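Peer 1: dropping the sequence and predicted coords here.
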Amino acid sequence: MSQPTNDKNWDQFWQQDKINPLDNQQENWSSLSWQHGLRFWEQIFDQHQPQGSLLECGAGSGVLSLHMKSTRGYDCTLLDNSEAGLNLGRQNFNQNAQEAIFKLADVENMPFDDNQFDIIYSGGLLHHFEDLGQVLTEMYRVLKPGGLMAATVIPDKFSCQTLGGFQRKTAKSLAAISHGDFTQVGKIVREKNPFFVNSFSLKQYIEAMETAKFRQNQGYSLGPFPALALPGKLKQGYTNFMIGRKDFWTKFNFKNTVVSRLWGIGYNLYGFKK
């Protein structure tokens, strides 16, 4: 199952004030998650492909591309099937006086030549496919020989965010009850993800990459702390707790154990084109 090219849900998603989280001077779960994610990919990119051209698929706001352009000078191309997503990416690049190429297209049929990019990255994209065959084959096609394919995925699996999601729904429900809005409680309980999300294991993602002919594939756990809905002081306390465990967070993102795969909210994957 692919993301429909004309799916209005994606335009609505990107129109909901999805500003670059790194522009927010106040640290929170989102900004800390991005910081650790970027730190992970900095290390992987520097080790395996220190310069060149970067294609971000399903780019949306283009946070990773903007960071790699600003700090490492990559030539960046951002592809998305949502015009609203690309507009947000343009906004973020313009605000930071950086340039990139923006393409409105389907990731399963990309308008690029064979062997064009040194790095292909997708964040929050692959878990929206029931069949990864075509999208990975297309990524392989446009990647240069020896190039790096990298992806961040958050599949529908048990994780610390399963518990976090229960806490968030409970907190929202209690807030609605306190205001006497019992209709809203029902909506909160029935609330579902508007997009398809697969439930693939790390092993299944790696196997799909191997089928698409990527080699030297690696996978690691992602994110040891869930997003929670907390009031002011508790929210700041939780943020301080996470800040105080930055070293643990960094080490967790390079783990691949039974416990880390179960507990982490998702996976970071990468492999190479022969």
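Peer 2: On my side now, so go ahead. Numbers count the residues shown, from 1 in each chain.
Peer 1: which residue sits farthest out from the middle of this structure?
Peer 2: For the chain, the C-alpha farthest from the mean C-alpha position belongs to residue 180; by CA atoms, centre = their mean, that distance is 36.6 Å.
Peer 1: that one in helix, strand or coil?
Peer 2: Look at residue 180: counting by DSSP: H, G, I helix; E, B strand; the rest coil, its state is coil.
Peer 1: phi, psi for it please.
Peer 2: The phi and psi values for residue 180, taken as degrees, to the nearest 10, are phi 70, psi 20.
Peer 1: what about it, distance to residue 170?
Peer 2: Separation of residue 180 from residue 170 (CB to CB, to the nearest Å): 18 Å. For the C-beta atoms, the positions are set from N, CA and C on the backbone; glycine is no exception.
Peer 1: could you do residue 207 as well?
Peer 2: The gap separating residue 207 from residue 170 is 37 Å, by CB to CB.
Peer 1: also residue 147?
Peer 2: For residue 147, the distance to residue 170 - CB to CB - is 45 Å.
Peer 1: more neighbours, the two?
Peer 2: residue 147 (25 against 13; other CB atoms under 10 Å).
Peer 1: quick one: that one is in a strand?
Peer 2: Yes: assignment of residue 147 by three-state DSSP places it within a strand.
Peer 1: the host helix or strand of residue 174 packs against which elements?
Peer 2: For residue 174, the enclosing helix or strand under DSSP states H and E is helix 160-178. Helix 160-178 is packed against helix 182-190, with contacts defined by 3 or more CB pairs under 8 Å, 6 or more residues apart in numbering; DSSP states H and E.
Peer 1: is residue 152 in a bridge, and if so with what?
Peer 2: On the basis of DSSP bridges, residue 152 is bridged to residue 123, residue 268.
Peer 1: does it really touch residue 265, like I thought?
Peer 2: No: the criterion here is CB atoms under 8 Å, and residue 152 misses it with residue 265 at 10.3 Å.
Peer 1: shared neighbours of the two, anything?
Peer 2: Both residue 152 and residue 265 are in contact with residue 222, where contact means CB atoms under 8 Å, 6 or more residues apart in numbering.
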